[in-house]
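[1] Build the 3D model from these lines:
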Amino acid sequence: MSNYPKGYSACGLHCGIKKAKDDLTIVYSDVAASVAAVYTNNLFQAAPLQVTKAHLSSEGKAQAIVINSGVANAAMGKQGIVDAEAVAKKLAQTFNIKDNYTIVASTGVIGMPLPVDTINSGIEMAKGVLKPLEEGAESASRGIMTTDTVPKTAQVTVKIDGKTVNFWGMCKGAGMIHPNMSTMLGFVLCDAAITTEVLQKALSSAIGDSFNMISVDGDTSTNDMVTVLANGLAENETIASENNDSYTIFANALKDVCISLAKQIVADGEGATKLFSVKVTNALTTTDAKTIARAVTSSSLVKAAMYGRDANWGRIACAAGYSGATFDPYKMDIYIGDLQVAKNGQGLAFDEEKALALLSKDTIDVLIDLHEGKGEAVGWGCDLTHDYVSINADYRS
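    Residues are numbered from 1 along each chain as shown. Predicted coordinates:
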């Protein structure tokens with residue numbers, strides 16, 4: 001039995017924005033779906049986000065998505081809006097749906113005009129090669145990549161009201177990644193029946209524990225957006241409230257998809273060789289725990305230490321201290337893997353060879369125990385390498 005949500009088609013293809021790589025993705029739902037979205041906090045919000053916001057605000061429904069890579073359509077003034085609307089209109093006409101049932105997204109170089117004619121030709125091409133999601137998922141996930149080295153997808157299946165509900169998601173992102181929406185585009189498709197209002201609450205909650213808990217380099221982009229479509233074809237009883245088991249099952253499944261995608265982004269961070277997690281336990285509040293986890297995963301010094309396999313716990317303590325969270329530093333314990341390196345805010349004598357072995361792994365776990373309360377959170381980061389500088393020094397070429 002397929003683990004893909006019912007009623008979706010997708011494809012990725014090369015339309016001509018890039019020299020050789022796939023640069024356009026189309027996703028289509030057989031029926032109009034409830035839709036929710038979260039957008040970047042960057043004030044320089046790109047035109048596709050503004051157009052998508054306007055579309056979704058009218059009915060809270062969507063049926064087709066077009067994503068181009070290579071050109072961000074950001075910082076282009078009124079022309080950017082005109083261009084994004086032209087692409088959205090072409091998508092609607094090609095698939096015979098309402099204009100406001102379209103989502104447009106772009107990723108790539110900021111400050112370059114969108115090649116509308118090229119993209120619109122690609123939309124026409126896509127209609128002929130669109131495939132059921134289980135067949136088109138891989139090419140769709142490749143069509144949205146920029147500096148990503150691998151496509152990023154995730155799937156979850158749950159039972160709601162005795163009905164099988166499937167989730168599938170894809171995202172892109174490798175650089176300009178930071179909490180409060182990182183440089184990434186994320187798209188989650190599911191076949192659950194759920195109202196737009198409740199879907200938005202579930203997505204906003206999921207974002208807080210996933211995409212807003214990762215950091216590659218501390219930069220937040222102009223084009224970040226995560227959307228989720230729910231077309232109802234699983235035929236469960238419509239989820240119209242947060243106060244029931246069906247919502248809890250749905251929300252947890254959506255969160256699992258988002259966390260999986262978020263971790264894949266960090267693992268593929270530009271130039272990265274290591275993924276590290278920072279778990280903060282026993283904080284006064286969950287907010288304090290998240291604040292500290294974000295500060296540590298965002299610290300350039302911590303990232304550099306991870307790359308250098310240096311068990312410099314002082315950098316971890318320092319980042320926690322300037323994070324803005326409330327805690328007593330002389331209650332804090334720090335572990336790297338199962339190796340305790342600090343107790344009550346002071347360093348311990350520890351086995352340096354064991355520390356080196358732990359820090360030589362592809363994935364590294366850091367634990368910070370504050371001994372203050374019951375707040376808990378996990379954040380994810382990657383190491384900072386020489387290759388990161390090289391990639392971003394040559395980005396436009």
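[2] Can you get me a residue count around Val150?
    12 (other C-beta atoms under 10 Å). Where C-beta positions appear, they are placed from N, C-alpha and C, glycine not excepted.
[3] what's it in contact with, if anything?
    Val150 sits next to 264, 268 when contact means C-beta atoms under 8 Å, 6 or more residues apart in numbering.
[4] Distance check, it against Arg142.
    From Val150 across to Arg142, the span is 9 Å (C-beta to C-beta, to the nearest Å).
[5] what do you get for Glu353?
    42 Å.
[6] Those two: which has the busier surroundings?
    Neighbour count, other C-beta under 10 Å: between Glu353 and Arg142, Arg142 has more, with 21 against 8.
[7] separation between the more buried one and His14?
    Taking C-beta to C-beta, one finds Arg142 at 10 Å from His14.
[8] Mutual contacts of the two, please.
    What both Arg142 and His14 touch, as defined by C-beta under 8 Å, 6+ apart, is the set 21-22.
[9] Just give me the neighbour total for Ala349.
    Neighbour tally, Ala349, other C-beta under 10 Å: 6.
[10] where are the low-confidence patches of the protein?
    Scanning the chain for pLDDT under 70 picks out the ranges 1-2, 174-183, 216-221, 271, 388, 391-392, 394-397.
[11] Quick one: the helices in it, in order.
    Taking DSSP state H, the helices of the chain run over residues 47-59, 77-95, 116-129, 133-143, 196-208, 245-267, 286-298, 300-308, 313-322, 352-359, 386-393.
[12] For the longest one, enumerate the helices and strands it packs against.
    Helix 245-267 sits against strand 152-160, strand 163-172, strand 185-190, helix 196-208, strand 214-215, strand 275-283, strand 375-382, with contacts defined as 3 or more C-beta pairs under 8 Å, 6 or more residues apart in numbering; DSSP states H and E.
[13] So for Arg294, which of those sits nearest?
    Of all those, the one in closest proximity to Arg294, counting by C-beta to C-beta, is strand 375-382 (5.4 Å).
[14] Give me the contact list for the closest one.
    Against strand 375-382 from outside (C-beta under 8 Å, 6+ apart): 179, 209, 213-216, 262-263, 266-267, 269, 272-290, 292-294, 296-298, 302-303, 306.
[15] How about stretch 44-52, which residues are buried there?
    45-52 (16 or more other C-beta atoms under 10 Å).
[16] could you redo the residues you listed as TSV and give each row distance to Ala72?
    Output for those, formatted as TSV (distance: C-beta to C-beta, whole Å):
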residue	distance to Ala72
Gln45	11
Ala46	6
Ala47	9
Pro48	8
Leu49	10
Gln50	13
Val51	14
Thr52	14
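[17] Count the residues that sit near Ile81.
    Around Ile81 there are 17 other residues, counting by other C-beta under 10 Å.
[18] Next up, the contacts around it.
    47, 50-51.
[19] again, only this time at 6 Å
    Ala47 (C-beta atoms under 6 Å, 6 or more residues apart in numbering).
[20] Can you tell me the closest non-neighbouring residue to Ser215?
    In space, and not counting its chain neighbours, Ser215 is closest to Ser298: 4.2 Å by C-beta to C-beta, 6 or more residues apart in numbering.
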